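*Asks:* Got a sequence here, can you build the structure:
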Amino acid sequence: MNKVIYSTDNAQVRIEDDRTGMNLETLKRAFADHLFYLQGKDESIATLKDYYFALAYTVRDRLLHRFIKTTRTYREQNVKVVCYLSAEFLMGRHLGNNLVNLGVLEKVRQVVEESGLNLDELIEQEEDPGLGNGGLGRLAACFLDSLATLEIPAIGYGIRYEFGIFHQMIKDGWQVEIPDNWLRFGNPWEIARPEDTVEVKLGGKTEVYHDTKGHYRVGWIPDRTVIAIPHDTPVPGYDTNTVNPLRLWKAEASEAFNFDAFNAGNYDRAVAEKMNSETISKVLYPNDNTPQGRELRLAQQYFFVSASLQDLIRIHLRTNTSLDNFHERFAIQLNDTHPAVAVAELMRLLVDDHGFDWDRAWSITQQTLAYTNHTLMPEALERWPVSLFGHLLPRHLEIVYEINYRFLEDVRTWFPGDDERLERLSIIEESPEKQVRMAHLACVGSHAINGVAALHTELLKSDTLRDFATLWPEKFYNKTNGVTPRRWMLLSNPELSALITEKIGDGWLKNLDELRSLEAFIEDAEFRQRWHTIKRINKEHLAAYIKAKRGIEVNPDSLFDIQVKRIHEYKRQHLAVLHIITLYNRIKRNPNIDIVPRTFIFGGKAAPGYFMAKLVIKLINAVAEVVNKDPDVRGRLKVVFLPNFNVSLGQRIYPAADLSEQVSTAGKEASGTGNMKFAMNGSLTIGTLDGANIEIREEAGAENFFLFGLTAEQVYEIKSNGYDPKTYYDSNIELRWAIDRIAKGHFSHDDVDRFKPIVDDLMYGDPYMLFADYESYIECQEQVSQAYRDVDRWTRMSILNAARMGKFSSDRTIREYCEQIWGVRPATINLDAYSQDEAVLKVETVNGEPQA
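*Replies:* Model (predicted):
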């Protein structure tokens, strides 16, 4: 359908398409049409979920207009494309973000309200896809947003998990995991592309043969084949026509139904292959505490890597006659070690399937791939038993051994007689059970290796990957992480964003460095008051949410002290708990003590098999149960654990925070991105010199950051000299009182064994040095309290934190990747004006077949 729209002077006529038009009346009609024709309902029986779907399809139409033109432009211009391979993409809800990036949020709000509905209620109907575990997946999502905003040709590749990260519930203080069935109502944003299906081989054996030219070849004879079906989600940039695809792969059986088995009465066997194959994309991060779980994880990683590389080769050969220039058309970024098997798989495809000789294939592979490391913790650097690797990927194990042999021969030449160096560098770890070191494979097979914060990169070069940095110092880069201000400010904190735009214009949304202009208003009392008022309103909203979800009443005037992130011992949520208990002890000793009221808010998920992390969650809730009900406290302290922390909950929390807890042990956190989201929204940070905290402090100014704790060098030195946590326990009476209160069962109904694992771990090991940092942390929290008493000083510090966070836009990070690692340039997408003459199909055929 078309709508004729006259200009105000009736001098011109413009025709809009109902599928792409942005006029208010066009949008209203499209909204109604989608409810009727796609949902099959009218107002008399439609639910809020139906209205959400109708609106989502209305928005998707406008995205597809841009998506198709983007794809066509890339193909016609034969541009170089960034391919971001990641096991996680924590995108968050799409509707609100897409409205923001299309620039129609307020217009669509008017459409919805004039239809008798509430836009915020419709946004709440969308499932929050849990296709990631935390920072890794959310970083990937921010990068996709920035790639599109900067008009960079890009494709994201991952897995379309049927069940994402579990839905977290809290029962009796314990974490309970519920399946995250995010697809149960369907997904209006994705488009299945069965025509681009590829086959992925698993298991079996290899055989040597000679081709028609007499060349030595190896063939892989798998024992099963899985079908990978792509599903594309359009990812729009902000204030641009670029819409890039996020392509997620779903696993299906090559033979979905065994009719012979069914006819023979063996009904389970009839669908066994279907069930076995579909397990690969069934759930994010299956528990790997069993051999079956580990095999499934490796199968998942290979599945999406193989499908993605085959897809890229297919795309390349559409417009190129040879793969010789593959590396000139694609820059593939490996987001951590999950996709590191890409090194071996690209070699297999080039050598075995496309007939390249080894040296040429290796040159293409190295020039195509780049590797981002996200961890300094040795246990997080993936290793796969050689037996498992060879069982599932027999050809790849041969290729890995060949890569390793050639690599170590070079090392022998460069460092003759240094067998220890050979052992440290080898891709194969010669332990009692041989292991394939995936980080080593990624380092050897990539042309660039980067860390994600300045300290992290330096520690990679000096410690974790020291030998590789010695070999190839030119390969190492730092790319400090960033986050997108579109979701984490404009969408999450609209009132603050409106104030900023009123003062400095809206250019900051694409150039976050412009926030520095806010410093010119720091002496404007009215501006400071409005800033403070917006923070207070955001805290009221979060307080209402806490009351509705947890039944706990909190005071919006109290200091909102917040720690939301994955629950892990190195992130030290239990250090914050010790602070709470210390304040509680002070109140119990003197109920009339003058204390700054605080609301402590925690959120985050523990891995299902991580006992200590789950026990920390129980401890937080146990302390909350006691502190929140104690009449001596008189509401001055409140403790809240908000379950099921995800992107949508983060959008509520970050704008309401006064204090951001970034308290990991120095040298353990690679970067962190929550610290950036808090600071952008005017939260002050208490933190160690770890990850991106260092750079946040440099940007915000030391006077606007609450620093405590040991440095990474001091941590190393103390541990090297023999760390004894009990000496800290013996010498600090408040620490001793806090630990004793836990140990004696005060927070466990006199059950002294409940939290004994935590107490014993801290008393007799304390691997993350809570006791060593406790005194400094408590003293620093006193500085926080004193600053919070001075409202004007706190507001100034809040403004400066936000104003100085320009560096931490993911746009800056992506620009650096493009310039220094990928060598990719923007490609501008120009939309053609709508024409009725062009609104018909004009298919070119050859021999009766349409030409793609």
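
*Asks:* Where does the residue nearest to residue 350 when sequence neighbours are not counted fall, secondary structure wise?
*Replies:* Spatial nearest neighbour of residue 350, chain neighbours left out: residue 361 (3.8 Å); criterion: C-beta to C-beta, 6 or more residues apart in numbering. (C-beta placed from N, C-alpha, C; glycine too.) Element membership for residue 361 (DSSP states H and E) is helix 358-368.

*Asks:* How far does that helix sit from its chain's centre?
*Replies:* Centroid displacement of helix 358-368 relative to its chain, using C-alpha atoms, centre = their mean, to the nearest Å, is 30 Å.

*Asks:* average pLDDT for that helix?
*Replies:* Averaged across helix 358-368, pLDDT comes to 98.

*Asks:* Give me the phi and psi for the closest residue in space to residue 140 that isn't next to it in sequence.
*Replies:* Excluding the flanking residues, the one nearest residue 140 by C-beta to C-beta, 6+ apart is residue 86, at 4.3 Å. Main-chain dihedrals, residue 86, degrees, to the nearest 10: phi -150, psi 140.

*Asks:* re earlier: count residues in the vicinity of the residue nearest to residue 350, would you?
*Replies:* When neighbours are counted by other C-beta atoms under 10 Å, residue 361 registers 22.

*Asks:* Could you check how far it is from residue 141?
*Replies:* 33 Å (C-beta to C-beta, to the nearest Å).

*Asks:* Same question for residue 771.
*Replies:* 37 Å.

*Asks:* Give me the more crowded residue out of these two.
*Replies:* residue 141 (27 against 23).

*Asks:* Was I right to think that one contacts residue 91?
*Replies:* Yes - the criterion here is C-beta atoms under 8 Å, and residue 141 meets it with residue 91 at 4.7 Å.

*Asks:* Which parts of the stretch 251-400 of the chain are strands?
*Replies:* Secondary structure of the stretch 251-400 of the chain (DSSP state E, counting those that start in this stretch): strands located at 330-335, 369-372, 383-385.

*Asks:* Mean neighbour count added to those, as JSON lines?
*Replies:* Listed next are the strands of the stretch 251-400 of the chain as JSON lines, based on neighbours: other C-beta atoms under 10 Å:
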{"stretch": "strand 330-335", "mean neighbour count": "25"}
{"stretch": "strand 369-372", "mean neighbour count": "26"}
{"stretch": "strand 383-385", "mean neighbour count": "21"}
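
*Asks:* Below-threshold pLDDT in the stretch 201-350 of the chain: ranges please.
*Replies:* 256-273 (pLDDT under 70).

*Asks:* the helices in it, which residues?
*Replies:* 259-263, 267-270, 272-278, 291-319, 326-329, 342-348 (DSSP state H, counting those that start in this stretch).

*Asks:* Need the residues that contact the fifth one.
*Replies:* By C-beta atoms under 8 Å, 6 or more residues apart in numbering, the residues outside helix 326-329 that reach it are 78, 80-81, 312-313, 316, 320, 364, 367-368.

*Asks:* ok, now with 7 Å
*Replies:* 80-81, 316, 320, 364, 367-368 (C-beta atoms under 7 Å, 6 or more residues apart in numbering).

*Asks:* Let me know the closest of those to residue 379.
*Replies:* residue 368 (29.4 Å; C-beta to C-beta).

*Asks:* count of neighbours near the closest one?
*Replies:* If we define neighbours as other C-beta under 10 Å, then residue 368 has 24 of them.

*Asks:* Surely it and residue 332 touch.
*Replies:* Yes - judged on C-beta atoms under 7 Å, residue 368 makes contact with residue 332 at a distance of 5.3 Å.

*Asks:* where does this protein have low pLDDT?
*Replies:* Short version for the chain, where the test is pLDDT under 70: 1-15, 256-273, 834-839, 848, 851-852.

*Asks:* quick one: the longest strand along it to chain centroid distance?
*Replies:* Looking across the chain with DSSP state E, the single longest strand is strand 224-236. Offset of strand 224-236 from its chain centre (C-alpha atoms, centre = their mean): 19 Å.

*Asks:* Can you point out the buried residues in it?
*Replies:* Residues of strand 224-236 classed as buried: 225-236 (neighbour count, 16 or more other C-beta atoms under 10 Å).
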